[in-house]
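Enquirer: build me a model from this:
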Amino acid sequence: MKNKPDKLIRLLELARPAMLPALVSGLWLMVFLAFGVEPADRRNTALDEMGLALALMWSAVVAVGLGVFMMALNDALDARHDRAFEPDRPIPSGRVTQRAALALALAGLLAALGAAVTFGQVSVVLALVAAGAIVFYNVAGRFVPAVGVVTLGLVIGVTVVIPNPRLAFAWPILLTMTHVIAAATLRYFLAGKRPRLSPINGWGICVGWAFWIMVVLVLIRVRTDSVTHHSLGAVWIGPSLAAATFGLLTWLMLGPSALTPRARRSTATRFTRLATAWLIVFDASWLLSAGLWWQAGVVLLLLIVAAPLAGLAHVKPVARPQPPT
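Expert: Next up, the predicted model:
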């Protein structure tokens with residue numbers, strides 16, 4: 001009982017809390033687009049029944065639940081590797097047990113599935129597909145660079161569709177998947193993970209990206225006329241500026257001093273934080289381009305939420321009192 005705050009912090013560390021606002025942002029984008037720009041006959045009827053406030057709440061539960069499931073499961077299955085290479089992680093350091101990590105992962109999955117039920121049967125199926133892809137990634141996919149990187153993009157792409165499977169506007173999904181796959185590839189290289197990226201892996205990532213982009217375009221009919229009166233070019237103004245800014249910031253970050261063997265791991269960490277935060281920026285940029293100003297402001301507030309959460313991973317554990325000798 002004396003160390004409850006410390007235990008809570010360590011459990012939160014397992015969930016990578018700084019990542020969760022970016023996941024919430026993607027689902028909120030789809031909810032705002034559904035209410036703001038899509039005709040009622042093209043969106044999920046469950047959204048009309050629950051209203052905007054409840055739709056935002058349940059979509060946030062889906063995002064957080066699947067995010068916690070993904071991160072906690074990764075730590076639980078990676079405990080042996082972490083004992084050798086990252087002994088300060090919660091499980092190998094003894095601050096959190098492997099059983100607690102698995103329990104947290106299961107709780108996250110159940111919360112996500114329970115929230116997905118409110119959006120209908122198709123949404124539940126999509127949540128199960130996302131959960132299955134998460135399990136596949138952790139069990140096998142991450143050991144093959146091309147497969148693992150593409151699977152991450154697929155997980156995020158499927159997750160953001162859950163609140164509104166009838167979405168008629170697929171461009172945000174395509175941009176999100178592309179950003180996640182590209183950022184995960186660069187992070188893999190910067191972190192020096194094994195097995196090393198090879199030209200074959202590079203081609204595999206490109207082929208996997210192209211395949212799933214085509215799947216999205218086939219399953220979700222891209223009907224740009226459903227995005228208010230804006231033309232396709234106008235809708236892309238915000239995201240294009242956001243992408244160019246992200247490219248510039250990445251180029252400035254990856255200077256010669258940041259790519260030395262000693263600095264590459266810290267560079268990978270800083271780049272991951274930037275790439276994750278930029279998912280929120282992309283989501284807000286879509287809303288701004290569609291004329292949904294206050295909705296974009298709500299999404300951008302998630303950046304403020306993400307900042308203190310990022311510090312939880314660096315909080316020192318509370319020292320346990322030692323019995324008198």
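Enquirer: can you show me the helices along the stretch 51-200 of the chain?
Expert: Counting by DSSP state H, counting those that start in this stretch, the stretch 51-200 of the chain has helices at residues 79-85, 98-117, 121-139, 145-161, 171-190, 199-219.
Enquirer: out of those, flag the one nearest residue 19.
Expert: helix 145-161 (10.6 Å; Cβ to Cβ). (C-beta placed from N, C-alpha, C; glycine too.)
Enquirer: alpha carbons only: can I get that closest one in CSV?
Expert: Backbone C-alpha positions of helix 145-161 (Å, rounded to 0.1, in the frame of the first residue of the first chain) are rendered in CSV as follows:
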residue,chain,number,x,y,z
PRO,A,145,11.7,-5.6,-40.5
ALA,A,146,9.5,-5.2,-43.6
VAL,A,147,6.6,-7.2,-42.1
GLY,A,148,6.8,-5.5,-38.7
VAL,A,149,6.9,-1.9,-40.1
VAL,A,150,4.0,-2.4,-42.4
THR,A,151,2.0,-4.2,-39.7
LEU,A,152,2.4,-1.1,-37.5
GLY,A,153,0.9,1.1,-40.2
LEU,A,154,-1.9,-1.4,-40.7
VAL,A,155,-2.8,-1.4,-37.0
ILE,A,156,-3.1,2.3,-36.9
GLY,A,157,-5.0,2.5,-40.2
VAL,A,158,-7.5,-0.1,-39.0
THR,A,159,-7.9,1.5,-35.6
VAL,A,160,-8.8,5.0,-36.8
VAL,A,161,-11.7,3.6,-38.9
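Enquirer: moving C-terminal of the least confident helix or strand in the chain by mean pLDDT, what's the next helix or strand?
Expert: Scoring the helices and strands of the chain by mean pLDDT, DSSP states H and E places helix 4-14 at the bottom, with a mean of 61. On the C-terminal side of helix 4-14, the closest following helix or strand by DSSP states H and E is helix 20-36.
Enquirer: buried ones in that next one?
Expert: Under the neighbour-count criterion of 16 or more other Cβ atoms under 10 Å, helix 20-36 has 20-36 buried.
Enquirer: and that helix, what's its mean pLDDT?
Expert: For helix 20-36, mean pLDDT is 94.
Enquirer: got it, and stretch 240-247?
Expert: Here the average pLDDT along stretch 240-247 is 96.
Enquirer: that stretch: how far from the chain's middle?
Expert: 19 Å (Cα atoms, centre = their mean, to the nearest Å).
Enquirer: pull the CA atoms of it into PDB?
Expert: C-alpha atoms of stretch 240-247 as PDB (Å, rounded to 0.1, in the frame of the first residue of the first chain):
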ATOM      1  CA  SER A 240       0.800  19.200 -47.300                       C
ATOM      2  CA  LEU A 241       2.100  22.100 -45.200                       C
ATOM      3  CA  ALA A 242       2.300  19.800 -42.200                       C
ATOM      4  CA  ALA A 243       4.200  17.100 -44.100                       C
ATOM      5  CA  ALA A 244       6.700  19.700 -45.400                       C
ATOM      6  CA  THR A 245       7.200  21.100 -41.900                       C
ATOM      7  CA  PHE A 246       7.800  17.600 -40.500                       C
ATOM      8  CA  GLY A 247      10.300  16.800 -43.300                       C
END
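Enquirer: which residues touch that stretch?
Expert: Applying Cβ atoms under 8 Å, 6 or more residues apart in numbering, the contact partners of stretch 240-247 are 175, 179, 274, 275, 278, 281, 282, 285.
Enquirer: what's the nearest residue to the last one if we skip its chain neighbours?
Expert: Setting aside the residues directly before and after it, residue 285 is nearest to residue 238 in space (Cβ to Cβ, 6 or more residues apart in numbering), at 3.4 Å.
Enquirer: measure the one you found to residue 19 for me?
Expert: 23 Å (Cβ to Cβ, to the nearest Å).
Enquirer: count of neighbours near the residue nearest to residue 145 when sequence neighbours are not counted?
Expert: For residue 145, ignoring the flanking residues on the chain, the nearest one in space by Cβ to Cβ, 6+ apart is residue 201 at 4.5 Å. Residues near residue 201, counting by other Cβ atoms under 10 Å, number 19.
Enquirer: likewise residue 80?
Expert: When neighbours are counted by other Cβ under 10 Å, residue 80 comes out with 11.
Enquirer: same question, the one 10 residues further on
Expert: Other residues near residue 90 come to 25 when the count uses other Cβ under 10 Å.
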